[in-house]
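Q: Let's see this in three dimensions:
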Amino acid sequence: MKPKQIVTFLIALLVAFIYIFPFWLILNNSFKAKLAILQSPISLPDNFNLKNFIDAFTRMNYPHALMNSLVITVISGIILIVFPSMLAYYLLRFNYRANKIIFVLLVMSMIIPFQALMIPFVSIYGVLGLLNSRIALVYFYLGFGVALSTFMYHGFIKTLPIALEESAFIDGANRFQIFWYVVFPMLQPITATIAILNALWIWNDFLLPSLVLFLTARTLPLSTYSFFGQFTSNYGVAMAGLVLSITPIVIFYLVMQRNIISGITDGAVKG
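A: Residues are numbered from 1 along each chain as shown. A predicted model of the protein is given here:
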């Protein structure tokens, strides 16, 4: 290997280590008792005891929390594919001045941090009685996620040839049929990318569910928070709970990861 290749390899190895180390630390300490973690969090466990995982599974009510996370993530993910894709198509194919303004406002809304909206968000929707509901949480994910998904669909649809749509229109298809039977099948690469990115965001989100959901319908991130009390924290069981929480989404990501690069590359905005 040339010196330049060796340096590049070492830098890549260092970056990979920086990313992998926190996950290894969580997995490694999930097999330890609390005292062993405090004494030496980096050392390997003396024995791979599954007691922490059993305790975490029970205390988290794992099947219930897993089902809540699945329901919220899947429904929100589907909605964040259907509505943004139709909105992006409408904004592009109908040449109204208002459509350009709407698109600019959507893009501008992405720079507003959610933390700036938390207090009025909880106050207004709490008074309206729209909190502590999975349906309400899905609705909020639509509101906060529609801008980015529409932006990505917008860039992809701009690259599609309009001749196929014109041919379908001549054959008698209406706009609804043209979108679902001609345009939407061509959106598969960017749809896969958007589905993965939204699934990662919604599955791992803690802040929004903590504001909307209280005692019922707790998601996996909210369930892991129960291991940390005011005066004590059970680190071993908490680590095991984190491993149980991230395992489904990591498997989903590993299966679908090839679609991320291809979707973003194919959906790059052309000038």
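Q: distance of I190 from V237?
A: 40 Å (C-beta to C-beta, to the nearest Å). From N, CA and C alone the C-beta is placed, and that goes for glycine too.
Q: For the closest residue to L211 other than its chain neighbours, give me phi and psi.
A: Distances taken as C-beta to C-beta, 6 or more residues apart in numbering place V122 nearest to L211, at 5.5 Å, with adjacent residues excluded. Here is the backbone geometry of V122 (degrees, to the nearest 10): phi -70, psi -40.
Q: measure V122 to F17 for me?
A: For V122, the distance to F17 (C-beta to C-beta) stands at 40 Å.
Q: So which of these two has more stuff around it?
A: V122 (13 against 10; other C-beta atoms under 10 Å).
Q: isn't that one right up against L128?
A: No - the pair V122 / L128 is not scored as a contact, 11.0 Å apart, by C-beta atoms under 8 Å.
Q: Mean pLDDT per helix and strand in the protein: which one sits at the bottom?
A: helix 258-266 (a mean of 61; mean pLDDT, DSSP states H and E).
Q: For the longest helix seen in the chain, name the packing helices and strands.
A: If you go by DSSP state H, the chain has its longest helix at helix 62-93. Applying 3 or more C-beta pairs under 8 Å, 6 or more residues apart in numbering; DSSP states H and E, one finds that helix 62-93 contacts helix 97-109, helix 134-157, helix 188-204, helix 220-224, helix 235-256.
Q: L128 - how many residues pack around it?
A: What L128 shows, counting by other C-beta under 10 Å, is a neighbour count of 9.
Q: Quick check, pLDDT for it.
A: On the pLDDT scale, L128 is placed at 83.
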